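Participant: Have a look; sequence and predicted model below, questions after that.
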Amino acid sequence: MIINGYTRTCGVMGNPVEHTMSPAIHNTLAEELGENLVYVPLRVPKGHVGEAVKGAFALNLLGVNVTVPYKSEVIPFLKEIDPLAETIGAVNTLVRVEGGFRGYNTDMPGLYRAMCEDGVSIEGEKVLILGAGGVARAVAILVAEKGADRIVILNRTLEKAQKIAEEVNGLAGKQLASALELRAYLSLPGDGYLAIQATDVGMFPKTGEAVIEDALFYEKIHTGYDLIFNPAETRFMSLVKENGGRAFGGLKMLLYQGIIAYELWTGAEVGPVLAKKAYAEMKKAMNIL
Ligand code: NAP
C-alpha cells in the first residue's frame with residue numbers, strides 16, 4: 001500500500017477499539033480495488049463523541065464506523081440520519097455529506113445479506129429471538145420488515161422483551177411479536193423455529209456456555225443463527241447441530257456490515273470473489289483458519 005498526499009482515511013471510532021477486525025476488511029477491499037484509502041482504529045474517550053464527529057469531518061475523513069459504546073450516543077451529532085438507522089436507534093456508519101455526516105446502520109443489512117448468502121430465509125418463518133438488548137431489538141425490526149410470520153422474543157428480563165414486542169407490533173400494525181421469559185422456553189408453542197441468538201452468552205472467553213442447554217428446546221429449532229463471531233463456532237451452534245438443525249455464526253454479519261459501509265463510502269460494488277477474499281483476511285486476523 002502506498003500512502004501519499006491523495007490517500008483518503010476511514011476508521012472506526014469506539015472504546016476500546018484495539019480488538020477491531022474492521023481494518024482487515026476495509027484495507028483488503030481498498031487494496032484489491034486499487035483505491036487509495038486507508039482504514040485505522042480511532043479510540044474515542046468517554047464524553048468526546050461530539051468532538052470526535054466534528055473533528056473527523058474537519059479532518060476530511062471519508063467515512064467512519066462507530067462501534068460500542070457509541071452507536072446511539074453518536075446520533076445527536078449527525079447532520080442527517082437514514083430512516084432505517086433512525087428506527088433501529090443505532091448508527092454504525094457515518095458517510096460524508098454537505099456540512100457533516102449522514103448516519104446509517106449497516107449491521108442489520110449486513111445480517112440480512114449474510115443470511116441470504118447462507119440460504120436462510122425469513123419470509124413466512126416463525127422467528128425466535130434470544131435476548132432483548134440493542135442488537136435483538138434491531139433484529140426484531142429486521143425480521144418483521146422481511147416478512148416473518150411470527151416473532152417470539154425470549155429474554156431473561158421479561159419486561160425488555162415485552163417492550164420490543166410492543167414496538168414491533170406498533171411498527172407492523174398487527175400482533176406479530178410476543179415476549180416470553182427465558183426460563184419458560186418449554187412453553188414455546190410448537191416447533192420449526194428459526195432462532196437468532198442475540199445474547200452475549202457464549203462469547204469469548206466464556207465459550208463453553210449457551211443461553212439454554214436443554215435438548216428439548218433445540219428440537220424446536222430448524223436453523224440457529226448466532227450473532228456472536230468469537231468464537232466462530234459457539235456452543236449454541238453445536239447444540240443446534242447436535243439436535244438436527246443447521247447453524248451459522250456471526251462472522252459473515254461482521255463481514256457484510258463492513259462491506260456495505262465500504263460501498264456507501266466509495267460507491268464500489270463488492271462482488272462475491274472480493275467478499276470471499278476480505279472474509280479470508282478477516283478470519284486470518286482473528287486466527288481462524
Ligand atoms: P446487550 O444490549 O448488552 O444485550 C445483551 C443481552 O444478553 C440481553 O438480552 C441480556 O439479557 C442477555 N444476557 C446477558 N447475559 C445473560 C445471561 N447470563 N443469561 C441470559 N441472558 C443474558 O448486547 P447487544 O449489544 O445487543 O449485543 C448482543 C450480541 O450481539 C453480542 O454477543 C455481540 O457480540 C453480538 N453482535 C454481533 C455483531 C456481528 O457483526 N456479528 C454485531 C453487533 C453485535 P437481560 O436483558 O436479561 O440482561
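Facilitator: Looks like it arrived, so ask away.

Participant: wait, what's in contact with the residue nearest to Glu181 when sequence neighbours are not counted?
Facilitator: Closest residue to Glu181 apart from its sequence neighbours, by Cβ to Cβ, 6 or more residues apart in numbering: Leu158 at 4.4 Å. Yep, even glycine has a C-beta here, placed from its N, CA and C like the rest. Going by Cβ atoms under 8 Å, 6 or more residues apart in numbering, Leu158 touches Ala179, Leu180, Glu181.

Participant: tell me which element the first one falls in.
Facilitator: Spelled out, that is Ala179. Secondary structure assignment for Ala179, by DSSP states H and E: strand 177-181.

Participant: Which residues are in contact with the residue of the stretch 51-200 of the chain found nearest the ligand?
Facilitator: Here the stretch 51-200 of the chain gets closest to the ligand at one residue, Gly133, 2.0 Å apart by Cβ to the nearest ligand atom. Gly133 makes contact with Lys160, Ala198, Thr199, Asp200, according to Cβ under 8 Å, 6+ apart.

Participant: Spell out for me the PyMOL command that would select the buried members of these.
Facilitator: Typed into PyMOL, the line below selects the buried ones among those, using 16 or more other Cβ atoms under 10 Å:
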select buried, resi 160+198+199
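
Participant: how about the residues of the stretch 1-150 of the chain near the ligand?
Facilitator: By Cβ under 6 Å from any ligand atom, the residues of the stretch 1-150 of the chain that approach the ligand are Asp107, Gly131, Ala132, Gly133, Gly134, Val135, Ala136.

Participant: Give me the phi and psi for the most centrally placed residue in the chain.
Facilitator: Of all residues in the chain, the one closest to the mean position by Cα atoms, centre = their mean is Asp107, 3.5 Å from it. Main-chain dihedrals, Asp107, degrees, to the nearest 10: phi -60, psi -50.

Participant: need the contacts of Gly133 in CSV with pLDDT and secondary structure, can you?
Facilitator: Shown next, in CSV, are the contacts of Gly133 (pLDDT from 0 to 100; DSSP: H, G, I helix; E, B strand; the rest coil):
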residue, pLDDT, secondary structure
Lys160, 98, helix
Ala198, 98, coil
Thr199, 97, coil
Asp200, 95, coil
